[in-house]
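Visitor: Sequence first, then the predicted structure:
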Amino acid sequence: MEELLYDKDCKCPVCRHRFTTKKIRTRGLRIERREEDFNVIFKDINPNYYYIWVCPTCGYSATEKEFDNITSQQEDLISKSIRPKWKERSYGGVRTYSEAEESFKMALLIGQILNKSKSYMAGISLRLAWLYRETNNPKEITFLTHALELFEASYQTERIDEQGLDEVSLAYLNGELNRRVGRYKQAVRWYSITLDHPNIKNKRHLQIKAREQWQLAKEQNDEAKLNSN
């Protein structure tokens, strides 16, 4: 596993401390399977463990893409709200499951303090849900629901491409997350939005998957209605 990792030198934009964090050699990754909510399971290693960068000195945590995207006012806010309570510890080695979980929770906390975008917070919540899925932890549903509510809000109010998702893919994901948390009627509606989108013709694989999941959600919704009578 360690041969798939390498050290990345970083400088914290809050405390200016230099540290290293692990990154993945993507060329060495082997896919085991893909799940319907875009979670990719790899053999040998879970890249999700290293998705969040954590400064060991002050605790500032964010995704690689957003790590340096911070204003001087936000730096002061982190220095005053997080650093006094932070106990120095490194996340720069091979991470355990618990360390990965902690890194996501820190990123969510700091994202709330900095009032990060809904799509950014949704993306982190979704990846934390995927982490919990790895151990069949019931917290998966909690964070899938949190991600769903944020993604649905961001679909209406934000630039769609912040998490590398276009409008069609996000509509599909909203359908799949609704289905996974048992909101089958809403899932059917989002899958329909996906299939009716003018750009769906450019995403043949997603079109096929949306049709399959629409049918599954419809059957689950019908079954739920029968069971409630």
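Guide: Right, received. Where do you want to start?
Visitor: what's next to the helix or strand containing residue 177, contact-wise?
Guide: Secondary structure from DSSP states H and E places residue 177 in helix 167-180. Helix 167-180 has contacts (C-beta atoms under 8 Å, 6 or more residues apart in numbering) with 36-38, 126, 141, 144-145, 147-148, 151-152, 154-155, 160, 165, 184, 186-191, 193-194, 197, 199-200, 203, 206, 209-210, 213-214, 216-217, 220. Glycine gets a C-beta too; all of them are placed from N, C-alpha and C.
Visitor: what distance separates the next helix or strand after that helix from the centre of its chain?
Guide: Counting by DSSP H and E, the next helix or strand C-terminal to helix 167-180 is helix 184-196. From the chain centre to the centre of helix 184-196 is a distance of 21 Å (C-alpha atoms, centre = their mean, to the nearest Å).
Visitor: Average pLDDT for the helix or strand immediately after helix 184-196 in the chain, rounded please.
Guide: Downstream of helix 184-196, the next assigned helix or strand under DSSP H and E is helix 204-228. For helix 204-228, the mean pLDDT works out to 95.
Visitor: Run through the neighbouring helices and strands of helix 204-228.
Guide: helix 167-180, helix 184-196 (3 or more C-beta pairs under 8 Å, 6 or more residues apart in numbering; DSSP states H and E).
Visitor: Could you identify which of those is most buried?
Guide: Here the criterion is mean neighbour count by mean count of other C-beta atoms under 10 Å, and of these the winner is helix 167-180, at a mean of 23.
Visitor: measure stretch 46-56 end to end?
Guide: 22 Å (C-alpha to C-alpha, to the nearest Å).
Visitor: quick revisit: tell me what angle the helix holding residue 177 forms with helix 184-196.
Guide: Counting by axes from the mean of the first three to the mean of the last three C-alpha atoms, to 10 degrees, helix 167-180 points 160 degrees away from the direction of helix 184-196.
Visitor: What angle do helix 204-228 and helix 167-180 make with each other?
Guide: Using the same axes, to 10 degrees: helix 167-180 against helix 204-228 is 30 degrees.
Visitor: tell me how far helix 167-180 is from the chain's mean position?
Guide: On C-alpha atoms, centre = their mean, the centre of helix 167-180 falls 13 Å from the chain's centre.
Visitor: Could you do stretch 153-171 as well?
Guide: 13 Å.
Visitor: Can you give me the end-to-end span of it?
Guide: First-to-last residue span, stretch 153-171, C-alpha to C-alpha: 11 Å.
Visitor: try stretch 130-142
Guide: Span of stretch 130-142 from end to end, C-alpha to C-alpha: 11 Å.
Visitor: Give me the mean pLDDT for it.
Guide: Rounded mean pLDDT across stretch 130-142 is 98.
Visitor: now stretch 101-118
Guide: Stretch 101-118 comes out at a mean pLDDT of 97.
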